[in-house]
Structures are given as structure tokens and as C-alpha cells.
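Asker: coords please:
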Amino acid sequence: MFPQGENHWFIRKVVWWRAAASTAWSVLLLPVTTALLVVLSQATLLHPIQWISESTSLLSSSSIIFSLLILTLVVLLVGFFNLEYYTVVPSIPCTRIALLGKVLHPQQFVHSLAHCMMGMVMAWCASVMIGGRYKLIATPCTEDRGGTAHHMCLNEYHLFLMLAGAFMGYSYSLLGLVKNMNYVSFHTVQQFKYLRFKGALPLVVKYSAIQSLYSLRNYCIFYFFLGYVPRAWICTTMNLHKNSSVNALDTVAGLLDFSLLYHLWISSTFLFVIWYTTMLLFKIYITEAYSVPVQSSFSEETFQCLPAVLSGKETIILKFLALQDLALLSQHSPSRRQEVFSLSQPGGHPHNWSAICKECMSLINDLTQRLVAYHELVSSNGRAKSQSTTKDQKSTSSDGSVSSGMEELAKTPWVTEAIKTPGVVSLRSVTSMSSPQAANIATKSDGPFASPVMKRLVGVQDPFSPWYGSVQSPHMTRRRPKLWTSSTESPLNGSPLASPAQAPIPTPDSNKPGFLSLWVHNRREQVKNFLAKRVLIMYLFNKLPEASSQALFADSQAHIWALEALSHLVAASYTEDRFGVVQTTFSSILSCMLILQEAVDKHFKLPHASSKPVRSSFNLEDTTYKTLRFALRAALKTAIYRITTTFGQHIYAVQMSAEHRKRLQQFMEYKE
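Answerer: Just a heads-up that it's a prediction; the model follows:
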């Protein structure tokens, strides 16, 4: 993913310099890794003196220096791709077909092709540094009997190593996409860059060695079945012959060469160590804490201050670093907190606090809305699935087309008369009584002095009706129109119903759908039913519940920092806020957090949201995005507890609804 806002001041002055510093350190580490490759490739345990002398002579040769120059160019290209494809919000596909689309995306194709070429270049450098039978692609042919050279033959060992480099490069690109290796996470504990690199370097070496073993296994299987294709193409292109005195490497006897497998493994590990070290250094440098000033004395630098940066949309890395800095200053810097609580001069307005509080609350409200929408979507899908299952069991139609619930109601005679009555609201508007206006009307219509017209509009059930109360039945939607048409003038009260003949009856052509729309609807349902019976199609298009929950909380690190910053600032305002600027938004902050806490609790009641993924011990993959929902839930509860324990009984003086007060009482009693 290319970074947003390439001409942004933060990208030019901070991000590029950090990326350049990380790449420079990767280049400086190249001689060390190259020396290790040369020493391990010449290993002869029975002749240690010869081992040391050969390794020393190779390290001082001109071929090693030339290979180091080429490897430097490769590392620069790898650092460039790290800069262009990094992201702080991982892209999590919710279906397998979406993951396949990511793999086949043109941008990913460019990334994979470039890493295949760089892998071949690094494999060539490794073959030159190892030397021996891997050094050249063409060698003189030898006859089986006479042993004299007549023609130039293909050195399949060199070709095998070169193709292995291309395969390792593609494996690196593909695994980086599938496992979100370009995702940059921010550590909770702040450490120096050297300590972070020192702690992660053994993991890089271990992961590279294990990953090269898996890639070596897959490459040997690939070459066993398709190795003759590149070998024949190279022989034809370069006019080379096949050496019959050497076993072909696409056979079992050729692949059981342990010396070949050993050199292939250490060269693959060499490639992965360099690339993963470059990626590790980039992540360490790019996530280094950045101090954003709260306010500035110069108007030209206002756009670099914390309120302006938080509200900016140009680059997301700057917003994440600003939220991280806000969470740190709210917890550890009393002097900077005073700048947040300060008033503007002249005027005496809390501009800093208002802007920071507004952005943090907008982040929290945005997550709340997404959680509510996701929960409604999951609930509606469950209800639709159960209703469709009931309809399929009771359906006796021969054409097999699926009719909607509205069409079934329209076919019923008493429902048709009710729909034609002018005083009745539509089915969709009555069933969606979620708006505040509708709830207000429903409340006012409940009572002994409510008018019959109002009760007819909102569909209030008669207390003496046999259907009064909550009926948990999937067929309730078929009975509701009968209840909506009832009123205080029903036959149950001794009054006749209003005659539907007095209402103007619309013409049948206005309600009847057209032939073309019916045909399209039937064909669409037939296609859906046909595809639903295909196992492969359903396997590709089925939703992954765990991935859906992870994608919902993919950017929750920003919300965690917003919650921590608000809670620490509110808690610090108890003793440090001399002007009372926090008290103006105290009620809104508490309500915002309690609403989010209710939405998070509902989400964790879903069956797929409470399973925590298991992390492998040797995995270099950053899996923090998979557990962000658990971190958010913990941060949210901690934030509310921090506020309640600081203010104590004084918090009851804050204006809030009865439901929020009841939920807050659970925190006051430490029952959450």
C-alpha cells in the first residue's frame, strides 16, 4: 500500500529519513551476514584448518566485494518496497475469494515479480560466494569414457540455485501478503531501538531458518514435477547440452544430494535473514515515538500542533503517532497536560482541550456505530436465515422460486384489505420503530386516555387480545397486520370495523410488478439457489466470522490510545484542571464510553468473537491485530475504572441517563 500524502511535511521530514536510516543499518550488517554464509558454506568439520584458510581466502577475493555491491542494491530496493507497502491498518479479507483477489491484484503482482527477480540476484551472489560447482551456469561437457571436453553443458546445480532464489522471493511476497507482514504495530512498552533489535534478532534468524526449510520442501516438489521446463528452455536459448554424466535434479536420485540441499538451505536462510532484518529495522524506526507539540507560539507552525494533526486526514501514520504521543503525555507529562487544560489568550477559550476531546470522542463514536451496525447485520442475517428455513419447509410451490414475506402477506385476503385501508401505516415503517420519533409516539399512545387514531397508527395491541405480549414465533409477521387494523372500535369492544369500501382502491396495475421484473427476480433466485448447492462456490464466498471480527477492530489501536488519553486527562483534571475545562464535556465523555462498553459487550456475546488465536513460538508474524478486540475491551474497562476510582462519589453529580447511571454503578461497586 502506497503511503497517503507523499508530499506531506511529515513524510518528507520524518518518514523518509527514518526509512533511510533503517536501510543504512541493513547495508552495514551485510558484511556480517555475508561472512557467516561463506564460513558455513565451506564447513568441513574434519579439517578445521583447511576450513578456516578457504573461508579467509574467499572473504578477501574480488568476487565477494562485487557480490556485496550487488547485495547493497538489493537491500536498497527491499527498503524501498517496505516504505511503499507498509500499513498501520491491516487489510483483512473476510472471504476466501477476497483473499484470492488480493493475491491476483496488479499491485501485488508487481511486488511478487520484483521479489522474484531480487531473489534470483541474491541466489546468484550466493552461488558466486559458495563457489565450486555452483559458480557458473555453463561447464565443459565430459564424456563418460574418455573424460575429454567437447561441448559446453548446462550446470544444473547453478540453475537449481537460481530458480530457488526466485521461488524464495515469491514465497516471501506471498506469505507477506497472507500473513500481513507489512503491518506495522506499535509496542506498548517504549524501548530503545537497539534493545528492540537485539531482542528480536534471534527470532529473525530462527524464523528465517524454519521458513527456508518449508520453502525448500515446496521448491523440491515443484522442481521434481516441472524442473524439465526451465532446463530445456535454458539449453535451447543458450545452445547448451545436457550433461549425461550427472544425475538430473528432477529425479529422486538427483534431489537426494545432501550437500546440495545443505547449500540451498543456508543460501535461502541468508536471503530471508537479510530481508526480514531490513523489515524489522524499518518497523523499529517507523514506530519510534514522535513528540507532537500541543501548541505553538508561531502561527506558521499551527498545522504541526496536536489539535491540527489529530483532525488531519492526509497521512494515517502521523495520526497514529500523534495519538500515541497524546496517550503518553496524558499519563507521564504534567507540564504538557497543563498546555491541554490551558485557555487561549485573549478570549479565554479551551481550544486545545475542545479539539483534542472532539477528535477522541469522534473516534470512539465511530467505532460504536460500526459495532452496532455489525451486530444488527449479524442479527438480521440470523433472523432471515431462520425465517427462510421455515418458509422452505412449508413451501409447496412447484416452480421453486423464493417469494418474499411481503408478497406472501399481499396474497392473504384480510391483509390485502388492511393494506388498502387509508389509516394504516406501511409494513416497513411500522416494523422499524427504532427512531426516537416513533418511540415517542408509541409511548404517548400507551395509556387509557390515548386516542383510537393514535393507537391505530402505531399498532398498539389490545390487552384483552390473545396475542397480547411477546410471542416468540416466526409466523408473527403474518398476524401483525391483523393487530394493526384493530383499534378500540373492534368487534371485541362491541363496535364494527370501518368499511374498507369507503377508501379509494388503487388500480391493480399500479401494485402488480411488471413481467420483466418478475422474470429477472426469478432468474436471480434460481442462480442463487444453483450456486448455493455448489460446494466450491460456497467455500470461496462464505464469510469467515473470525476474520470479520478482526477486520472490524483492525484500526482499534487508535481507539485504545483515545480511550487512554481521555481517561488519564479526565483523571488528572481532578487536581490539575484549574479552569474546569474538562467538566464541560465530562458527561459526554462518560456517556460515550458507556455506550461503547455496551456495544463491545454485545459483540463479545457473539460465538466467533470470544476465541483468541494461538500464537506460534517461532513466528515472526505480527499477530497483534488479531487480538486488538481483547485489548480494546481491557482498555475500555480500565479507562472507566480509572475515572470512577479518581472521582469516587462525586461522579454521581454528573448528569447522565438512568441506564448509564445504573451501568456506572456496576463500576463503582467493582462488579464489571
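Asker: Report pLDDT for residue 233.
Answerer: Listed pLDDT for residue 233 reads 93.
Asker: I'd like to know how many residues surround it.
Answerer: 10 (other CB atoms under 10 Å). From N, CA and C alone the C-beta is placed, and that goes for glycine too.
Asker: Tell me which residues of whichever helix or strand it is part of come out buried.
Answerer: In this structure, residue 233 sits in helix 228-238 according to DSSP states H and E. Going by neighbour count (16 or more other CB atoms under 10 Å), the buried part of helix 228-238 is 230, 231, 234, 235.
Asker: swap in stretch 188-202?
Answerer: 196, 197, 200.
Asker: Now do the same contact list for the residue lying closest to the last one once chain neighbours are set aside.
Answerer: This means residue 200. Nearest residue to residue 200, sequence neighbours excluded (CB to CB, 6 or more residues apart in numbering): residue 280, at 5.7 Å. By CB atoms under 8 Å, 6 or more residues apart in numbering, residue 280 lies in contact with 197, 200, 201, 204.
Asker: Hmm, residue 281 and the first one touching each other?
Answerer: Right, the one you point to is residue 197. Yes - judged on CB atoms under 8 Å, residue 197 makes contact with residue 281 at a distance of 6.7 Å.
Asker: element containing the nearest residue to residue 321 once chain neighbours are set aside, please.
Answerer: The spatial neighbour of residue 321 that comes closest, neighbours along the chain excluded (CB to CB, 6+ apart), is residue 290 at 4.4 Å. Residue 290 belongs to no helix or strand when assigned by DSSP H and E.
Asker: Residue 290 touches residue 14, doesn't it?
Answerer: Yes - under the criterion of CB under 8 Å, residue 290 makes contact with residue 14 at 6.7 Å.
Asker: picking that back up, so how far is the helix holding residue 233 off the chain centroid?
Answerer: 43 Å (CA atoms, centre = their mean, to the nearest Å).
Asker: And it, what does it pack against?
Answerer: Other helices and strands packing on helix 228-238, by 3 or more CB pairs under 8 Å, 6 or more residues apart in numbering; DSSP states H and E, are strand 152-154, helix 156-178.
Asker: could you say what helices and strands the shortest one packs with?
Answerer: Based on contacts counted as 3+ CB pairs under 8 Å, 6+ apart, the elements that strand 152-154 packs against are strand 138-140, helix 228-238.
Asker: angle of the last one against helix 156-178?
Answerer: Taking axes from the mean of the first three to the mean of the last three CA atoms, to 10 degrees, helix 228-238 and helix 156-178 form an angle of 120 degrees between their directions.
Asker: So for whatever helix or strand comes next after helix 228-238, what gets flagged as buried?
Answerer: Counting by DSSP H and E, the element after helix 228-238 in chain order, helix or strand, is helix 252-255. Using 16+ other CB under 10 Å as the test for burial, helix 252-255 gives 254, 255.
Asker: can you count the residues close to the nearest residue to residue 30 once chain neighbours are set aside?
Answerer: Nearest non-adjacent residue to residue 30, counting by CB to CB, 6+ apart: residue 71, 5.6 Å away. Neighbours of residue 71 under the rule other CB under 10 Å: 23.
Asker: Help me confirm that residue 71 is found in a helix?
Answerer: Yes - Residue 71: assigned to a helix according to DSSP: H, G, I helix; E, B strand; the rest coil.
Asker: Send me stretch 541-555 as PDB with only the CA atoms.
Answerer: Output in PDB follows, covering the C-alpha atoms of stretch 541-555 (Å, rounded to 0.1, in the frame of the first residue of the first chain):
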ATOM      1  CA  PHE A 541     -17.800 -17.000  -0.900                       C
ATOM      2  CA  ASN A 542     -18.700 -17.900   2.700                       C
ATOM      3  CA  LYS A 543     -17.900 -15.300   5.300                       C
ATOM      4  CA  LEU A 544     -15.100 -16.000   7.800                       C
ATOM      5  CA  PRO A 545     -16.600 -14.900  11.100                       C
ATOM      6  CA  GLU A 546     -13.200 -14.700  12.800                       C
ATOM      7  CA  ALA A 547     -11.800 -12.500  10.000                       C
ATOM      8  CA  SER A 548     -14.900 -10.300  10.100                       C
ATOM      9  CA  SER A 549     -14.500  -9.600  13.700                       C
ATOM     10  CA  GLN A 550     -10.700  -8.900  13.200                       C
ATOM     11  CA  ALA A 551     -11.500  -6.600  10.300                       C
ATOM     12  CA  LEU A 552     -14.000  -4.700  12.500                       C
ATOM     13  CA  PHE A 553     -11.200  -3.900  15.000                       C
ATOM     14  CA  ALA A 554      -8.400  -3.600  12.600                       C
ATOM     15  CA  ASP A 555      -7.700   0.100  13.500                       C
END
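Asker: Having no further points to raise, I will conclude here.
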